[in-house]
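Student: just the structure for this:
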Amino acid sequence: GDEASRRPTGRVVGIARRAWRQYCGSIEEPMNPRAETALFVPVCRQVPKIRIPTRRGAQDYVGLRIQVEIDTWEPTSKYPQGHYLKTLGPVGDIEVES
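Tutor: This is a model prediction of the structure:
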């Protein structure tokens with residue numbers, strides 16, 4: 001009742017800096033193999049897919065475990081933007097997955 005009406009409230013108006021970290025995952029099979037961006041699917045299901053630019057085409061990264069980092073996430077975008085850091089190896093490889 002009365003207690004709830006006096007609870008402090010507010011709204012987020014901006015984020016000065018985010019503590020993004022590096023994520024491990026793989027590239028989703030692209031609709032267009034020559035697309036200039038790819039969707040990265042993190043191993044951790046609590047992290048959203050991340051859109052990353054590709055110089056060689058997304059197809060070159062399919063089947064590989066890679067590491068990416070989030071750069072920005074525009075309020076109007078379904079996915080955050082990130083960038084490729086390195087290739088860890090093939091998906092399923094015991095050395096890569098552990």
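Student: per-residue pLDDT, Ser26?
Tutor: If you check Ser26, the pLDDT there is 94.
Student: make sure it is indeed in a strand.
Tutor: Yes. The assignment for Ser26 is a strand, going by DSSP: H, G, I helix; E, B strand; the rest coil.
Student: so in terms of bridging, what pairs with it?
Tutor: Val41 (DSSP bridges).
Student: which residues touch Arg21?
Tutor: Residues near Arg21 by CB atoms under 8 Å, 6 or more residues apart in numbering: Glu69. Every C-beta, even on glycine, is put in place using the N, C-alpha and C of the backbone.
Student: model confidence for it, exactly?
Tutor: The model's pLDDT for Arg21 equals 85.
Student: that one and Val91, how far apart?
Tutor: Using CB to CB, to the nearest Å, we find Arg21 at a distance of 21 Å from Val91.
Student: please enumerate the helices of this structure.
Tutor: 2-5, 94-97 (DSSP state H).
Student: between the ones you listed, which gets the lowest average pLDDT?
Tutor: helix 2-5 (a mean of 64).
Student: show me the strands in this protein, by range?
Tutor: With DSSP state E as the criterion, the chain has strands at 22-27, 37-42, 50-53, 64-72, 81-90.
Student: quick check: buried residues in the third one?
Tutor: Okay, so that is strand 50-53. 50-52 (16 or more other CB atoms under 10 Å).
Student: using CSV, write out the CA atom coordinates for it.
Tutor: Extracted in CSV, the C-alpha atoms of strand 50-53 (Å, rounded to 0.1, in the frame of the first residue of the first chain):
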residue,chain,number,x,y,z
ILE,A,50,26.7,-10.7,-31.8
ARG,A,51,27.0,-9.2,-35.3
ILE,A,52,30.6,-9.0,-36.4
PRO,A,53,32.1,-7.6,-39.7
